[in-house]
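S.K.: quick one, fold the following:
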Amino acid sequence: MNEIYGSVVVELVNGDIDSKVTLPLDGTITMGVGNGDIKFDIPKNTSAQFASSVVNGKINVSNLNLQNKVETSKSVSGTCGEGRGTINLSTVNGDINVNGF
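M.R.: Numbering: from 1, shown residues only. Predicted structure coming up:
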């Protein structure tokens, strides 16, 4: 697992992302994978607009309070805290697991 403090952009064709990220106010996190899973841990007090999507896979969000949550079989979105930053997670073939700590 990689621990990151700051804005992040990660794009992979094949492989998994396993990260623990602390997002600064007004920061941006973008993680995209063609074939692989995203495991994403973030503090519960994060302030961001959150969006995640999969084409072939599942999304699980736990221990994170998403306000105005919109959930379908292929996407989950909502607002964390005041919604000041931006978090975008996507994978074509894989799962997304988000955990608040």
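
S.K.: excluding residues flanking it in the chain, which one is nearest the most centrally placed residue in the chain?
M.R.: Nearest to the mean C-alpha position of the chain, counting by C-alpha atoms, centre = their mean, stands Leu89 at 4.5 Å. The shortest distance from Leu89 to any residue other than its chain neighbours is 4.2 Å, reached at Ser52 (C-beta to C-beta, 6 or more residues apart in numbering). (Glycine included, C-beta is placed from N, CA and C.)

S.K.: my guess is the one you found contacts Cys80, does it?
M.R.: No. If you go by C-beta atoms under 8 Å, Ser52 and Cys80 don't touch, sitting 12.0 Å apart.

S.K.: mutual contacts of these two, please.
M.R.: In terms of C-beta atoms under 8 Å, 6 or more residues apart in numbering, Ser52 and Cys80 are both contacted by the residues Ile87.

S.K.: how many neighbours does the residue nearest to Leu89 have?
M.R.: 24 (other C-beta atoms under 10 Å).

S.K.: same question for the one 5 residues further on.
M.R.: Using other C-beta under 10 Å, the number of residues around Gly57 comes to 17.

S.K.: how far away is it from Gly36?
M.R.: As judged by C-beta to C-beta, to the nearest Å, Gly57 and Gly36 stand 10 Å apart.

S.K.: same thing with Lys74?
M.R.: For Lys74, the distance to Gly36 - C-beta to C-beta - is 17 Å.

S.K.: of the two, who's got more company?
M.R.: With neighbours defined as other C-beta under 10 Å, Lys74 and Gly36 compare such that Gly36 has more, 18 against 13.

S.K.: mind listing what that one touches?
M.R.: 12, 14-17, 91, 93-94.

S.K.: can you add pLDDT and distance to Leu64 and give those residues back as JSON lines?
M.R.: Shown next, in JSON lines, are the contacts of Gly36 (pLDDT from 0 to 100; distance: C-beta to C-beta, whole Å):
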{"residue": "Leu12", "pLDDT": "92", "distance to Leu64": "23"}
{"residue": "Asn14", "pLDDT": "96", "distance to Leu64": "27"}
{"residue": "Gly15", "pLDDT": "94", "distance to Leu64": "24"}
{"residue": "Asp16", "pLDDT": "96", "distance to Leu64": "20"}
{"residue": "Ile17", "pLDDT": "94", "distance to Leu64": "17"}
{"residue": "Thr91", "pLDDT": "97", "distance to Leu64": "18"}
{"residue": "Asn93", "pLDDT": "97", "distance to Leu64": "24"}
{"residue": "Gly94", "pLDDT": "97", "distance to Leu64": "19"}
